[in-house]
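Asker: one predicted model, sequence on top.
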Amino acid sequence: MNPTKKIGLLGGAFDPVHDGHLAMARAARKAAGLDRVVFVPAAVSPYKPGEPAAGAADRLAMLRLALSGRPEWAVSEIELDRGGVSYTIDTLRALEERADPGTEFSLIIGMDNYLCLSGWKEIGEVIRKARFIVASRPGYDPGRLSGDDRYWAARVREGKRLLTVELAVPVSSSEIRRMVREGGDPRPFLPEAVADYIEEHRLYQEQENGKP
């Protein structure tokens with residue numbers, strides 16, 4: 001019998017990928033004993049209105065640069081190829097069809113996403129198909145959950161499908177884009193190759209959706 005293969009899925013816009021994303025991947029892999037972490041860039045996030053600031057080709061290129069030389073990390077283009085709004089349940093079903101029998105999937109997410117499970121498409125089926133590795137995030141308290149969010153979080157815990165990791169993500173992608181627009185230096189929060197790519201391709205220098 002083949003041993004169970006443990007795959008972690010880290011989704012997001014990665015607009016751009018930054019050191020916080022990589023720290024989440026490392027922490028999740030260590031805590032859960034994952035064989036591989038697969039980064040899944042979204043075509044369009046269901047939680048963020050509008051298109052990503054950078055195009056799919058640029059976001060994918062930056063991811064590949066950030067993950068270069070790390071065989072325990074990989075990139076899947078499954079959501080970019082599918083197009084439209086990227087729902088987790090659709091991705092899980094598609095990956096299951098391609099995976100070896102017995103593969104175990106875990107979703108690597110931030111606490112902010114864990115606290116709004118009721119908004120996920122077919123969340124009951126998502127919980128059945130995957131475990132959750134949740135990174136703590138300052139300002140997000142699971143003790144304040146109520147209503148449907150509390151119900152679904154309880155279903156995850158009761159099914160012993162939850163693992164939390166303590167991790168302070170130092171920056172967000174939106175903050176990095178703001179730094180670039182305002183002439184700041186985002187390099188302390190980015191892999192060097194990604195910072196060079198942003199500079200070379202002059203990404204994020206224009207205003208977003210009319211915001212200053």
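Answerer: Received, thanks.
Asker: distance of the closest residue to W152 other than its chain neighbours relative to D196?
Answerer: Closest residue in space to W152, ignoring its immediate chain neighbours: L117 at 3.9 Å, by Cβ to Cβ, 6 or more residues apart in numbering. For glycine as for every other residue, the C-beta is placed from the backbone atoms N, C-alpha and C. For L117, the distance to D196 (Cβ to Cβ, to the nearest Å) stands at 38 Å.
Asker: more neighbours, the two?
Answerer: Neighbour totals were compared for L117 and D196, and L117 leads with 23 against 13 (other Cβ atoms under 10 Å).
Asker: go ahead and confirm the more buried one touches V156.
Answerer: Yes - between L117 and V156 there is a contact under Cβ atoms under 8 Å: 7.4 Å.
Asker: which secondary structure elements does the longest helix belonging to the chain sit against?
Answerer: With secondary structure taken from DSSP state H, the chain has its longest helix at helix 19-32. Judged by 3 or more Cβ pairs under 8 Å, 6 or more residues apart in numbering; DSSP states H and E, helix 19-32 is in contact with strand 6-12, strand 36-41, strand 104-110, strand 130-135, strand 162-165.
Asker: where exactly do the helices run in this protein?
Answerer: Under DSSP H, the chain gives helices at 19-32, 56-67, 78-82, 88-98, 111-114, 123-129, 147-158, 173-181, 192-200.
Asker: and those, which one is worst for confidence?
Answerer: Set side by side, the helices of the chain give their lowest mean pLDDT on helix 111-114, at a mean of 89.
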